[in-house]
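**Q** Structure for this input, please:
(one chain, ligands or ions: 1)
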Amino acid sequence: MPTTNTYSDPHNLFSVPDITPEKYGDKFSGHGDIPVYLPAHYSHFDAHELIAVASALVNPRGRGIYATDEAPLDLDGLLDKTSHEVGVPVQHLSDEAKKERRKQWRCDVYNSISNEHISGIILHAESLHDFNLGPLLSSKGIIPGIRANGELTPIPRAEHEFIVQGLDGLLGKLQAARALGARFSKWRAPIACSSHIAGYPTSISLQIQAETLAQFAAVSQQAGLVPIVEPDVDFSRDADLSKSVHVHEAAISMIYERMKAHGVLLEGTLLKPSFPQPGLRNNERPNVTAEEIALATATMLTRCVPIAVAGVLFLSGGLSSDTATSYLSALNELVASAPERSALKRLPPLTFSFGRAIQGDALKCWVKGDKDGMKTMLAKWSKISADAANGPKVKN
Ligand SMILES: O=P(O)(O)OC[C@H]1O[C@](O)(COP(=O)(O)O)[C@@H](O)[C@@H]1O
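**A** Numbers count the residues shown, from 1 in each chain. Next comes the predicted model:
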């Protein structure tokens, strides 16, 4: 007789009344219209929802995620910095007043955003637990997700590389997020990248990030949340494009190797990578084109992302909104124009999970008290991002 426990029977971990097969009208086929052979530790019931949510986050083609999961301190800093940039006096606020300001910003954004181009929004725990904003998003047809990763701590003896904390107690944390409406989760792992001389990343840091992301993904699926794994390769140093591609490929290959070892259901996962690119201190940087980035990115993905993965959503990483969307647009144009026999045609949907690229202009309006402007800017950059994810318009 098979033994089950809380880890081998994830469906029993939490009451999930809204994922009944009747609701999806699929007569308990297990996973909608996507046929898949399931590992023994997944019931059809769990797999169904994970695959359905992962697919809904990247389909119909063009929709993507808006990342609003900045830590409270970072959001405070962002609001102050933006005020300073646009000439609004920076106020000295009490902790309580700062929290109220964060709540106002989050509420205004979530009330303004539409589900036309945005499939999901990543929330910080504060927005989900303290401000209870999950139901607002769900009611608008936007899937709420939770930032799962904790804080960074340096890898011993490594000055610029970090361990991401947060695996302890993760299952309970994600179950609680699910109870408040979350249906996916995200874990960002920073990866240093520099020229061959300085030698970042170290092999041990890649191994640590891959293992941590894989454990996160397994636990997230146990809690009934689609995991988004985010290897964020740094571009502030002197690496050239070729080194950046190499690091992306090595990091992502290792992540999937570890995810398979942990029995993660790949069809119910998503990847959130950075774009490979020359570092800000590399002399290739000023002349690199969006087309070169697109070719490097697409080739890298075909070499390391398993075909089962439901979709790829890029972070913007502090690139300007124009640059981030131009890279995504060039990437989808390249894929659309590739010959049918090209491996690029086998890539999953390539879309966005942008934070700064979507909200940069909206923040500038909001700190000036211009809520209409904020709404217009959110709509503008959501649409530009969605157009970029759609590839070229069909010409008549
Ligand atoms: O707080 P962190 O872990 O530094 O991450 C910052 C941001 O980076 C992201 O992972 C990607 O956002 P960007 O598109 O702004 O780079 C967000 O989800 C997150 O809020």
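
**Q** Doesn't Q277 belong to a helix?
**A** No: with DSSP: H, G, I helix; E, B strand; the rest coil as the criterion, Q277 is coil rather than part of a helix.

**Q** Ramachandran angles for it?
**A** Backbone torsions of Q277, given as degrees, to the nearest 10, read phi -170, psi 160.

**Q** Report the contact partners of it.
**A** F235, L241, S244, R285, V288, I293, A296, Y327 (CB atoms under 8 Å, 6 or more residues apart in numbering). From N, CA and C alone the C-beta is placed, and that goes for glycine too.

**Q** so what's the fourth one up against?
**A** Okay, so that is R285. Q277, P278, G279.

**Q** Grab the nearest non-local neighbour of the residue in the stretch 151-300 of the chain positioned nearest to the ligand.
**A** Here the stretch 151-300 of the chain gets closest to the ligand at one residue, R188, 4.4 Å apart by CB to the nearest ligand atom. Leaving aside its chain neighbours, R188 sits nearest to E230 (4.3 Å; criterion: CB to CB, 6 or more residues apart in numbering).

**Q** got the CA positions of the helix or strand that contains the residue of the stretch 151-300 of the chain closest to the ligand in PDB?
**A** Assessed by DSSP states H and E, R188 sits inside strand 184-191. Extracted in PDB, the C-alpha atoms of strand 184-191 (Å, rounded to 0.1, in the frame of the first residue of the first chain):
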ATOM      1  CA  PHE A 184       1.500  31.600  -8.300                       C
ATOM      2  CA  SER A 185       4.800  32.500  -6.600                       C
ATOM      3  CA  LYS A 186       8.100  33.900  -7.600                       C
ATOM      4  CA  TRP A 187      11.700  33.600  -6.400                       C
ATOM      5  CA  ARG A 188      14.500  35.800  -7.600                       C
ATOM      6  CA  ALA A 189      18.000  34.600  -7.500                       C
ATOM      7  CA  PRO A 190      20.700  37.200  -8.300                       C
ATOM      8  CA  ILE A 191      23.700  35.900 -10.300                       C
END
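
**Q** How about the helix or strand just after that strand, which residues are buried there?
**A** Downstream of strand 184-191, the next assigned helix or strand under DSSP H and E is helix 203-222. Buried residues in helix 203-222, counting neighbours by 16 or more other CB atoms under 10 Å, are found at 205-206, 208-222.

**Q** Could you export the contacts of Q277 to TSV, including columns for distance to the ligand, pLDDT and secondary structure?
**A** Converted to TSV, the contacts of Q277 look like this (distance: CB to the nearest ligand atom, whole Å; pLDDT from 0 to 100; DSSP: H, G, I helix; E, B strand; the rest coil):
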residue	distance to the ligand	pLDDT	secondary structure
F235	11	97	coil
L241	19	97	helix
S244	16	97	helix
R285	18	97	helix
V288	19	98	coil
I293	16	98	helix
A296	19	98	helix
Y327	12	98	helix
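
**Q** Mark which of the residues you listed are buried, thanks.
**A** F235, L241, S244, I293, A296, Y327.

**Q** ok, now which ones touch the fifth one?
**A** Contact partners of A296, counting by CB under 8 Å, 6+ apart, are L241, S244, V245, P276, Q277.

**Q** confidence score at the last one?
**A** What it means is Q277. We note a pLDDT of 98 for Q277 in this prediction.

**Q** Please report how far it lies from E284.
**A** Using CB to CB, to the nearest Å, Q277 is found at 9 Å from E284.

**Q** what does the second one give?
**A** When CB to CB is the yardstick, S244 and E284 sit 10 Å from each other.

**Q** Now for the two: what residues contact both?
**A** In contact with both S244 and E284: P278, using CB under 8 Å, 6+ apart.

**Q** Report how many residues lie close to G369.
**A** Using other CB atoms under 10 Å, G369 has 9 other residues around it.

**Q** so it sits in a helix?
**A** No: assigned with three-state DSSP, G369 falls outside any helix and is coil.

**Q** thinking again about what came up before, thought the residue nearest to R188 was touching K186?
**A** Yes: assessed by CB atoms under 8 Å, E230 is found in contact with K186 at 6.0 Å.

**Q** Return the angle between stretch directions for the strand holding R188 and helix 203-222.
**A** 180 degrees (axes from the mean of the first three to the mean of the last three CA atoms, to 10 degrees).

**Q** Good, we can wrap up now.
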